[in-house]
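[1] prediction below, plus the sequence it came from.
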Amino acid sequence: MRPSSTPFASAPPTVRPFSSSGPVAGSESSNFRPTPPGAPSTLTPFSAVGPSPPSRFIDPSVPSPSVKSVPPSGVPYQRFPTPPFPSAAQTPPNRAPPVGQPPFQPPASHVSVPPPSFRPQTQVPPVPMGSLPQNANFPEPPSDPSLSGPRPNFQPPFPGYPSKQPAVSQAPSPFSAQQGSFMAPPAPPSPFPIQQVSYGPPPPVANNLGYQSRDQMQHPGSAPPIGGVQSLTEDFSSLSVASMPGSIEPGLDYRTLPRPLDGDEVPSSFLEMYPMNCDPRYLRLSTSAIPNSQSLVSRWHLPLGAVVCPLAEAPEGEEVPVINFASTGIIRCRRCRTYVNPYVTFTDAGRKWRCNICSLLNDVPGEYFANLDATGRRVDLDQRPELIKGSVEFVASTEYMVRPPMPPLYFFLIDVSISAVRSGMIGVVAQTIRSCLDELPGFPRTQIGFITYDSTIHFYNMKSSLTQPQMMVVSDLDDIFVPLPDDLLVNLSESRNVVETFLDSLPSMFQDNVNVESAFGSALKAAFLVMSQLGGKLLIFQNSLPSLGVGRLKLRGDDLRVYGTDKEHILRIPEDPFYKQMAADLTKYQIGVNVYAFSDKYTDIASLGTLAKYTGGQVYYYPSFQSDIHGEKLRHELARDLTRETAWEAVMRIRCGKGIRFSSYHGNFMLRSTDLLALPAVDCDKAYAMQLSLEETLLTTQTVYFQVALLYTASCGERRIRVHTAAAPVVTDLGEMYRQADTGAIVSLFCRLAIEKTLTSKLEDARNSLQLRIVKALREYRNLYAVQHRLGARLIYPESLKFLCLYGLALSKSVPLKGGYADAQLDERCAAGFTMMALPVKKLLKLLYPSLTRIDEYLLKPSAPADDFKNIMKRLPLVAESLDSRGLYIYDDGFRFVIWFGRMLSPDIAKNLLGPDFAAELSRVSLTEQDNEMSRRLMKILKKLRESDPSYYQLPYLVRQDGWYHWLCRLDNANTPTSPAKLMIYRSSLLNVVNSSAPADESSPGVKTTTGKKGFARLGLLSMVVASISCLDVGQRQKTLKTGSA
Amino acid sequence: MAMGNLLGWLVTFFFLISLLAIICYQIICLIDLEIDHINPYDSAVRINKVVMPEFIIQAVFCLVCLITEHHLLCFLSLPYLFYNFSLYRRRRHLVDVTEIFNQLKWEKKQRLVKLGYLTMLLIVFIFW
């Protein structure tokens, strides 16, 4: 594929057989595809992701000498643009500067199908829009000299399509015709079939090409605009499992596995089809093409549903508008109670509106009336954000309240037993709370209160008239009572001095405490009694296993024999029904619980976390907390918890059109009725997932609408309803569902389902069912194409799901699911499970596939401009080859940093960064800023990384190359050394997917060879999949490398 | 003797009817919950209140059948007894208020089966 060695034109064709894309696109297509890279944004073989920055590029070629076909020289992306194009003649760089529309128009007639016109015809077996242009181009490239002109132009029009609608509207018909031919291979005009045969036997090079083609496919199948012209000649991407000469293990090179180096990619086609939809940060569907029939659903083996993050943080300038209807009252459908949204239609000269969800005709209230213009749009449309924007916030009137809006309320339940004192937790907590007092939301109504406990329970009277808080000790744990009716919970602004005095004296008050007991359950009940009047947020700081009173817990999980049996899951569910009952009661009284657990010993997070799970809270777990090491993390996360915008006493409901129904909900909340989520306290870091099911066997509508409504009390005391509306097309074609799939949402749903499954069955079963579903989905997808295309020994998958395998595997190796007894502490597993159940999509994906960045070059650069940050942060794939022993790397999974010092890293760097201790055992060194430029720069990088992701604080862990393996063991990010056996089933079933169509391929000799090497192929895929994500493998490889070199 | 027989018959009949009533009550609670007539807290409390009585009555019913020499009936209700016992041993006999909606289907199915079974027992009992 390098211009120098191979003319472009020749190389790509090899790809085609697999790429399957379609007859219409002949070999030219291959010429054509490479084009895009010519543009500034380059195409990297590996990156596999669309218009990605060159950065990603690094991964493939640089660190991987063994990829034969990618000559190591040169930076790949530079190769692309130049020579091939001229030779390829007919393809101009399609990213060429936007040219006006006029040139575009003529081609449009056959090129066709701008999204708007496309939408109505969803039932036509849709082809990724991106591919159309190609289609169009190919039939007559040589004959039409002007074509090269139009093509570049082609792109710009897309983004603007809404306005251009009329201009292109004639397009559809030609298109559908083409579409047909596109799907059916026998389409005559193209030379392709012949080529196909000739290229059939995948030469070894095919591997590269395979991925190359994938790169070109970058864009989720249907993304029309961004896709650029090049994107899809193919309907799917593939991974070859053919053998590859030169690599140690025959079989597919794991380097060719697509990797999500750009992090989470939100499919944009959806938004472009329905520009009035809410932003994907609020609502993501696992596929934005809703199946129209039960049978289609049953063939879609992936989860069908949505992930909702109702309060996601919006970037500056995109805040959700707040609308006050005041006298009119909020406009809602009479029957289904849908809120007015951009998709409702006004009729009858503006006197009526039709609900988009239940299609009931409603009256428009007098105050809301506006005339319609000639096109049927309201004349006041631009002053009505609720009719233009997918996300709005209504101010709710008193009819949405059962009581006056509650004030923000923070209640702290702090363990002061000896272990808490020793770890320094109390000091950090008191100090952090004190420093956040000014920033607690809701001034001046904010209320605050404290209880501390060891074997007794200590209440604090903070009445504003006192100068010092009064402590009252209750030691009767069985019959807990509140010693004072009021004043345990006080208004912060009134009692500010008392609260400050209390927090100042708290650490010293208990510094000599030698009490080892913890009457947690009783203290929780006491806090509940105090808070039940108002509700609010309860923060629990627990440092040991609850040992006294109700809710006392036993040490469990020690018995090795339980693992692998049917009783294993019991360890992951609360032991004492007290916790579930308590959680239910807390939710009922609008109390949200956040659990901070610190112990170095077993604390039964499974039980404690239940409190957070059913009250919409979260679990923070700091194993073996030491204030000098973890203090900063706790400080930051507690501060964020206290100061982030919180929605109080909230309920959330998601409505959807007739014929479909949300059937199950997954996340941290409690269901108050079949479809109402009770969320006592909710904030921007929480997401909820739900699954859809079809109620009717056949959906007749063209579009379904979803509306998320979150009714909550804002910290300012206003009752509000946040409404997110989205539309999605109904399709009849499974292929379209795949094309419109959203890997992020699917993985998020899978993650929640798998974690829930660990609560009722073995870890193994949870992993297997996850893998089985992915395999089934891929097999189904393969069946779609097996007939028309020669698939050979290739694993094919839709462009939109190119990362699914990777994430699926990463998921089964994530802390809550991985391995067995020894692979993760029980507490850690449970804590991670609770955390992942609430994570928004983006953060989850980052956790599953962390970023790895090399920074030593940047640190050494004499003067680096400050704005250079983006450039230096090139993500590397997580494979051993990415790590150079002369380098310094940052690995960031959103929860911690690992700073990896290569063995041969120049000692200067280490010295500069670590100061005098640079030679010491790194695990004992903490990273502090030294007085030199390099260290300051590193700190700046870390700071920037943290700023980009403020919901957790990433503590840096320092690791030297030789300590890599140990570090991995310590941090538990890796699988155990038994990994190969564990993933066997998954991998071999993936291969079954591949091999299932083997008979069809017998005709082609080349393929025969590959099937003959099935065994090897299997091995290769194994290693690929393992290596792709298993950090341990990185470690092991590193080890082998070391031993090799030594 | 005849008096004793009649008394035994009446007691067993009474137990059977009360079991049926309890199961019906639980099903009604679940249905109410499903159609959003009561909240999960009340529903769970109501159901859980009668679960233990149901189990005890059922056990006593078995015993009475045995004593009054209704061997067939006793034999027929043994699976029921065993099922209850195993539920109890696994601590699954009470409905879980936090997960009630997820378990609704199963809880309802289980009780409908019980209802059908009891009806069958009643028929056997009356016409045998």
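    Looks like it came in fine. Numbering: from 1, shown residues only, chains lettered A, B, ... in the order given.

[2] ok, residue A:457 touching residue A:526?
    Yes. Assessed by Cβ atoms under 8 Å, residue A:457 is found in contact with residue A:526 at 5.4 Å. C-betas here are computed from N, CA, C, even on glycine.

[3] can you list residues touching both of these two?
    A:451, A:474, A:480 (Cβ atoms under 8 Å, 6 or more residues apart in numbering or on different chains).

[4] in strands, which of these fall?
    Residues of the shared contacts of residue A:457 and residue A:526 located in strands (DSSP state E): A:451, A:474.

[5] which one of the shared contacts of residue A:457 and residue A:526 sits closest to chain B?
    residue A:480 (20.7 Å; Cβ to the nearest Cβ).

[6] what ranges in the chain fall below the confidence cut-off?
    Unless you meant another one, I'm taking chain A. A:1-257, A:787-794, A:862-872, A:919, A:923-924, A:962-1046 (pLDDT under 70).

[7] please go with chain B instead
    Using pLDDT under 70, the flagged stretches of chain B are B:1.

[8] chain A contacts on that one?
    B:33-34, B:36, B:39-41, B:44, B:91, B:94, B:96-98, B:100-102, B:104 (Cβ under 8 Å from any Cβ of the partner chain).

[9] residue A:278: what secondary structure?
    Following DSSP: H, G, I helix; E, B strand; the rest coil, the label given to residue A:278 is coil.

[10] that one against residue A:388, yeah?
    No. If you go by Cβ under 8 Å, residue A:278 and residue A:388 don't touch, sitting 11.8 Å apart.

[11] so between these two, which is more surrounded?
    residue A:278 (28 against 15; other Cβ atoms under 10 Å in any protein chain shown).

[12] so where's the longest helix in chain A?
    In terms of residue count, the longest helix belonging to chain A (DSSP state H) is helix A:763-786.

[13] count of neighbours near residue A:444?
    Neighbour number of residue A:444 under other Cβ under 10 Å is 9.

[14] quick one: contacts for it?
    Contacts of residue A:444 (Cβ under 8 Å, 6+ apart): A:491-493.

[15] by neighbour count, which of the residues you listed wins?
    residue A:492 (23 neighbours).

[16] any idea how far that one lies from chain B?
    Distance from residue A:492 to chain B, counting by Cβ to the nearest Cβ, to the nearest Å: 31 Å.

[17] wait, what's in contact with that residue?
    So residue A:492 contacts A:437, A:440, A:443-444, A:446-448, A:499 (Cβ under 8 Å, 6+ apart).

[18] give me the buried entries from those residues.
    Neighbour-count burial (16 or more other Cβ atoms under 10 Å in any protein chain shown) applied to the contacts of residue A:492 gives A:437, A:440, A:446-448, A:499.

[19] can you tell me which of these are in strands?
    Of the buried ones among the contacts of residue A:492, the ones assigned to strands by DSSP E are A:447-448.

[20] closest one of the buried ones among the contacts of residue A:492 to chain B?
    Once Cβ to the nearest Cβ is applied, the member of the buried ones among the contacts of residue A:492 that ends up nearest chain B is residue A:447, at 25.2 Å.

[21] that older thread, reformat the shared contacts of residue A:457 and residue A:526 as CSV; add neighbour count.
    As requested, these are arranged in CSV below (neighbours: other Cβ atoms under 10 Å in any protein chain shown):
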residue, neighbour count
A:451, 22
A:474, 20
A:480, 20
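
[22] got the shared contacts of residue A:457 and residue A:526 as a markdown table, with distance to chain B columns?
    Shown next, in a markdown table, are the shared contacts of residue A:457 and residue A:526 (distance: Cβ to the nearest Cβ, whole Å):
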| residue | distance to chain B |
| --- | --- |
| A:451 | 24 |
| A:474 | 27 |
| A:480 | 21 |
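
[23] any idea how far residue A:667 is from residue B:36?
    21 Å (Cβ to Cβ, to the nearest Å).

[24] same check on residue A:832?
    15 Å.

[25] okay, these two: which has more neighbours?
    residue A:832 (24 against 21).

[26] ok, for the residue of the stretch 451-600 of chain A at minimum distance from chain B, nearest residue in space, not its chain neighbours?
    Proximity to chain B, evaluated over the stretch 451-600 of chain A using Cβ to the nearest Cβ, is greatest for residue A:584 at 4.5 Å. In space, and not counting its chain neighbours, residue A:584 is closest to residue B:97: 4.5 Å by Cβ to Cβ, 6 or more residues apart in numbering or on different chains.

[27] dihedrals phi and psi, the residue nearest to residue A:876 when sequence neighbours are not counted?
    Nearest non-adjacent residue to residue A:876, counting by Cβ to Cβ, 6+ apart: residue A:882, 4.0 Å away. Main-chain dihedrals, residue A:882, degrees, to the nearest 10: phi -70, psi -20.

[28] correct me if wrong: residue A:882 contacts residue A:852.
    Yes. With contact defined as Cβ under 8 Å, residue A:882 counts as touching residue A:852 (6.0 Å).

[29] show me whatever sits in contact with both of the two.
    With Cβ under 8 Å, 6+ apart, residue A:882 and residue A:852 have common neighbours A:876, A:889.
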